[in-house]
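1. Prediction below, plus the sequence it came from.
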Amino acid sequence: MAVNNKVKSTNDLELKDRLVAINRVTKVTKGGRTFSFAAIVVVGNEEGIVGWGLGKAGEVTAAIAKGVEVAKKNLIKVPVYKGTIPHEQLSKFGGAQVFIKPATHGTGVKAGGAMRAVLESVGITDVLAKSKGSSNPHNLVKATMVALSELRDPAMVAQNRGISVEKVFKG
């Protein structure tokens with residue numbers, strides 16, 4: 001089931017950017033080697049909105065700036081419920097597989113590397129996360145974003161089922 005939770009306007013948001021990974025790439029030409037940089041960046045307002053972007057340029061700062069601009073165009077809204085996620089979610093992108101699970105208050109963000117950057121940018125303070133398969137930061141960020149975009153908040157589940165929010169939690 002596809003969920004449409006794209007953010008319409010970025011003008012009134014105060015977004016913080018985090019650099020996930022920077023990669024130096026080389027192009028071999030007749031005249032020698034040409035170096036450039038690829039930066040993967042995550043932006044978020046730490047209140048449920050997050051996006052990611054990939055920027056490529058000849059200098060590191062320019063690559064990061066391009067990544068931030070692309071990330072601002074790919075924002076999604078994530079349901080954050082009492083500092084954690086509403087339910088567990090398994091997701092896959094390429095060779096990377098991620099599993100995120102809600103945690104009680106005080107647990108913290110138990111996630112590594114690329115997943116941690118995405119989850120902290122959303123504003124999630126307590127979550128358990130596991131990555132399996134590829135540790136490629138590009139695919140980990142994309143798999144985490146897919147998992148977050150598939151999350152449903154309790155109000156939406158109750159509305160779809162035609163019941164009250166209290167009955168959703170009683171099972």
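-> Arrived safely. These figures come from a predicted structure and were not determined experimentally.
2. Run a quick neighbour tally on Thr125.
-> 18 (other Cβ atoms under 10 Å). In short, each C-beta sits where N, CA and C put it, glycine included.
3. and the helix or strand where Lys66 lies, how far from the chain's centre?
-> Assigned by DSSP states H and E, Lys66 belongs to helix 60-73. In terms of Cα atoms, centre = their mean, to the nearest Å, the gap separating the centre of helix 60-73 from the centre of its chain is 15 Å.
4. and the next helix or strand after that helix, what other elements does it pack with?
-> Downstream of helix 60-73, the next assigned helix or strand under DSSP H and E is strand 76-77. Contacts defined by 3 or more Cβ pairs under 8 Å, 6 or more residues apart in numbering; DSSP states H and E place strand 76-77 against strand 49-57, helix 137-149.
5. buried sites along the first one?
-> By 16 or more other Cβ atoms under 10 Å, the buried positions in strand 49-57 come out as Ile49, Val50, Gly51, Trp52, Gly53, Leu54, Gly55, Ala57.
6. Next: stretch 114-134.
-> Neighbour-count burial for stretch 114-134 flags 114-129, 131, 134 (criterion: 16+ other Cβ under 10 Å).
7. Next one: the residue lying closest to Lys56 once chain neighbours are set aside, what pLDDT does it get?
-> Nearest non-adjacent residue to Lys56, counting by Cβ to Cβ, 6 or more residues apart in numbering: Ala38, 4.8 Å away. Note on Ala38: pLDDT of 96.
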